[in-house]
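> no sequence for this one, just the structure:
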């Protein structure tokens with residue numbers, strides 16, 4: 001900023017003072033304010049949501065799950081990491097990961113308030129915001145904890161509620177099941193790059209976030225729809241799953257591993273092999289385990305038998321056989337497409353999270369496809385755009401105005 005003022009001073013002979021003031025206040029406004037979408041609500045229901053978190057330093061997964069007060073298994077599944085090696089995995093600074101959170105309705109808007117933070121001796125409100133990836137502002141922390149706006153002092157050991165952004169929008173986007181990810185815009189980002197990285201479109205982002213124009217600034221928080229798989233059409237007993245595309249979930253006492261995508265948005269559930277005591281993983285009256293498919297060549301077509309996961313009750317995994325008919329078999333003879341292996345031999349894929357400075361460096365999600373449901377603009381029609389103000393904005397304003405008086409001489413002839 002100091003260099004900017006010196007350059008502005010050198011150009012005063014060729015630029016009118018009015019233009020200098022306009023440029024200055026435009027820059028100041030972009031520094032002090034950021035936008036985020038807020039979803040009004042009037043129900044007590046909660047939904048699954050995601051945060052995009054840029055690690056401020058090297059961190060273990062256990063540290064991240066503790067910081068956000070979330071289940072480590074859900075964190076690992078949302079990022080498609082290997083459960084068996086994740087306990088020792090250290091993620092590098094500047095790595096971007098997805099944080100799964102619950103998004104309840106609080107005081108008429110969607111926000112997450114389940115995260116608590118214990119103040120350390122060297123903490124300031126600004127450093128705490130940075131530690132949470134700037135997903136929260138100093139003013140929001142002060143409001144959530146009834147802190148005095150005129151003071152930023154904190155006491156060591158003090159417990160703070162950290163309000164975090166989240167949206168539900170009925171967990172649909174253009175008729176497709178979706179989870180919404182809250183993403184903090186960074187330097188160099190554009191709607192094109194963000195849309196490309198997360199498998200959506202600029203039009204969709206503009207509609208969901210109620211943007212008046214396709215322009216964004218660093219610090220803005222966008223709601224990004226991520227296509228997902230739902231168990232709604234699986235008729236599960238005592239179980240409900242919503243898994244982001246490219247992720248997985250462990251359910252039924254960690255006995256069942258259900259993955260989503262990337263080629264389609266249907267959940268595929270198989271035994272997980274993480275729990276030693278998982279009975280009833282084999283369908284009755286058949287040699288197929290959950291997730292196995294068997295084809296039988298008939299005279300006029302192909303009979304397909306699938307062992308399906310059906311739910312979990314009283315520590316018992318439920319399953320059933322499903323029979324469908326196809327005009328043609330995958331092969332020319334009867335065979336199981338998924339071998340009937342004992343559960344202990346079925347593993348979980350290992351996918352490493354790589355450091356990324358911008359969303360374009362992350363692996364893209366599958367596209368949304370087409371649907372007959374409401375459009376993104378219709379879904380977000382009740383959403384509002386909130387302006388987040390930096391708590392330090394008034395001080396920045398006073399300081400920079402003083403600098404202007406020093407470096408930019410006022411010429412009354414210009415305004416006479």
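Done, it's in. Only a predicted model underlies this, so the values are computations on that prediction, with no experimental measurement involved.
> and the chain, what are its domains?
Following the assignment in automatic domain parsing, the chain carries domains at 34-231+350-409, 232-345.
> mean pLDDT and mean neighbour count for the ones you listed - can I get that in TSV?
(Glycine included, C-beta is placed from N, CA and C.) Output for the domains of the chain, formatted as TSV (pLDDT from 0 to 100; neighbours: other C-beta atoms under 10 Å):
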stretch	mean pLDDT	mean neighbour count
domain 34-231+350-409	80	17
domain 232-345	84	17
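> and residue 66, what element?
helix 61-68 (DSSP states H and E).
> tell me the helix or strand right after the helix or strand hosting residue 111.
Here residue 111, judged by DSSP H and E, is contained in strand 109-118. Downstream of strand 109-118, the first helix or strand assigned by DSSP H and E is helix 125-131.
> with adjacent residues omitted, what lies nearest to residue 132?
Spatial nearest neighbour of residue 132, excluding adjacent residues (C-beta to C-beta, 6 or more residues apart in numbering): residue 162 at 6.1 Å.
> how far off strand 109-118 does the helix or strand hosting the one you found point, in degrees?
According to DSSP H and E, residue 162 maps onto strand 159-165. With axes from the mean of the first three to the mean of the last three C-alpha atoms, to 10 degrees defining the directions, strand 159-165 sits at 150 degrees from strand 109-118.
> report the distance from strand 159-165 to the chain centre.
Offset of strand 159-165 from its chain centre (C-alpha atoms, centre = their mean, to the nearest Å): 17 Å.
> tell me what that strand is packed against?
When contacts are defined as 3 or more C-beta pairs under 8 Å, 6 or more residues apart in numbering; DSSP states H and E, strand 159-165 packs onto strand 109-118, helix 138-144.
> list the strands paired with it, with their directions.
Its sheet considered, strand 159-165 pairs with strand 109-118 (antiparallel) by DSSP bridges.
> on that earlier part again, so how far is the helix holding residue 66 from its chain's centroid?
That offset, for helix 61-68, works out to 15 Å (C-alpha atoms, centre = their mean).
> list the contacts of the next helix or strand after that helix.
Scanning forward in sequence from helix 61-68 by DSSP H and E, the next helix or strand is helix 72-78. If you take C-beta atoms under 8 Å, 6 or more residues apart in numbering as the criterion, helix 72-78 is touched by 50, 61-62, 64-65, 82-83, 86, 97-100, 243-244, 247-250, 254.
> centre of the chain to helix 72-78, how far?
When distances are taken as C-alpha atoms, centre = their mean, helix 72-78 is centred 12 Å away from the chain's centroid.
> please apply the same query to stretch 94-112.
On C-alpha atoms, centre = their mean, the centre of stretch 94-112 falls 8 Å from the chain's centre.
> how long is that stretch end to end?
One end of stretch 94-112 to the other measures 23 Å (C-alpha to C-alpha, to the nearest Å).
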